[in-house]
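Q: Provided below are the primary sequence and the corresponding predicted coordinates.
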Amino acid sequence: MNMRDWKKWGRAAGIRAVKTMAQTAVATIGTTAVMSSVDWKMVLSTAVLAGIVSVLTSVAGLPEEGE
């Protein structure tokens, strides 16, 4: 049975989630024509949701674990 190194997995999944959140935030902000009209609550909630989805997707496995 293959035992997962949870510390290594958590680090890799966390890094991937943060990158996903940053990309989502940039994309969400980029859809606004004027920075003063950015709905920061929406940006934050969308980015957090993307991070959660990223972590859940990482449960299936991460290529980074093989490094």
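A: Arrived safely, thanks for sending.
Q: from now on I want contacts and neighbour counts done on CA atoms only, so please keep to that.
A: Fine.
Q: which stretch of helix or strand covers residue 55?
A: helix 40-58 (DSSP states H and E).
Q: report all helices and strands that that helix contacts.
A: If you count contacts as 3 or more Cα pairs under 8 Å, 6 or more residues apart in numbering; DSSP states H and E, helix 40-58 packs onto helix 6-30.
Q: can you give me the angle the helix it packs on makes with helix 40-58?
A: Note on geometry: by axes from the mean of the first three to the mean of the last three Cα atoms, to 10 degrees, helix 6-30 and helix 40-58 are set 140 degrees apart in direction.
Q: so residue 38 makes contact with residue 26?
A: No. In this structure residue 38 lies outside contact range of residue 26 using Cα atoms under 8 Å: 11.3 Å.
Q: now the common contact residues for these two.
A: By Cα atoms under 8 Å, 6 or more residues apart in numbering, residue 38 and residue 26 have no common neighbours.
Q: for the closest residue to residue 44 other than its chain neighbours, give me its contacts.
A: Nearest residue to residue 44 in three dimensions, chain neighbours excluded: residue 25, at 7.1 Å (Cα to Cα, 6 or more residues apart in numbering). Residue 25 is in contact with 43, 44, 46, 47, counting by Cα under 8 Å, 6+ apart.
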